[in-house]
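Participant: please work out how this folds:
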Amino acid sequence: MPVNIGNGTTITHAQLSGNVISAEPGGNTANEIDSSHLGTVGVRPGIADTIWDADDIAVTVQFDPGTKPVVGGDASAFVVTFPDLETWSCSAWLKTYSPSVRKGEMMEATFTFRRTTDWS
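Facilitator: Residues are numbered from 1 along each chain as shown. Predicted coordinates:
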């Protein structure tokens, strides 16, 4: 299995702007349904729910004070293009936007997106 470096990865979304520093695309989480009963002994049995959660996407960018993204609203295309040109795409809306300004450091902003579809 090859090891890849993230340099060259690009991310696009209508509410995202700035040079991307890091991204955590998020996966999927299946909830567990407890199927134990009064006669259960030993290991608690469980079954996977057929409804799963699409984990949030976190993106950190170099902050641009001229940018004022709109939180909420309709979901739109979110596309990650990796250095090998492999792409992941989904639909997502902007859940949170949080700028950070510290003395002697690069200004950054963190975007959190809520996925509404699975990665394709």
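
Participant: touching the longest strand out of those in the chain from outside, list them.
Facilitator: Of all segments of type strand in the chain, defined using DSSP state E, the longest is strand 87-100. Contact with strand 87-100 is made by 13, 15-16, 25, 54, 56-57, 63, 65, 69-82, 107-120, as judged by Cβ atoms under 8 Å, 6 or more residues apart in numbering. C-betas here are computed from N, CA, C, even on glycine.

Participant: chain center to it: distance?
Facilitator: In this view, strand 87-100 has its centroid 6 Å away from the chain centroid, taken as Cα atoms, centre = their mean, to the nearest Å.

Participant: helix or strand right after it?
Facilitator: Later in the chain than strand 87-100, the nearest helix or strand by DSSP states H and E is strand 108-115.

Participant: who touches that following strand?
Facilitator: Outside strand 108-115, the residues within contact range by Cβ under 8 Å, 6+ apart are 13, 15-16, 18, 21, 26, 54-64, 67, 69, 75, 78, 90-100.
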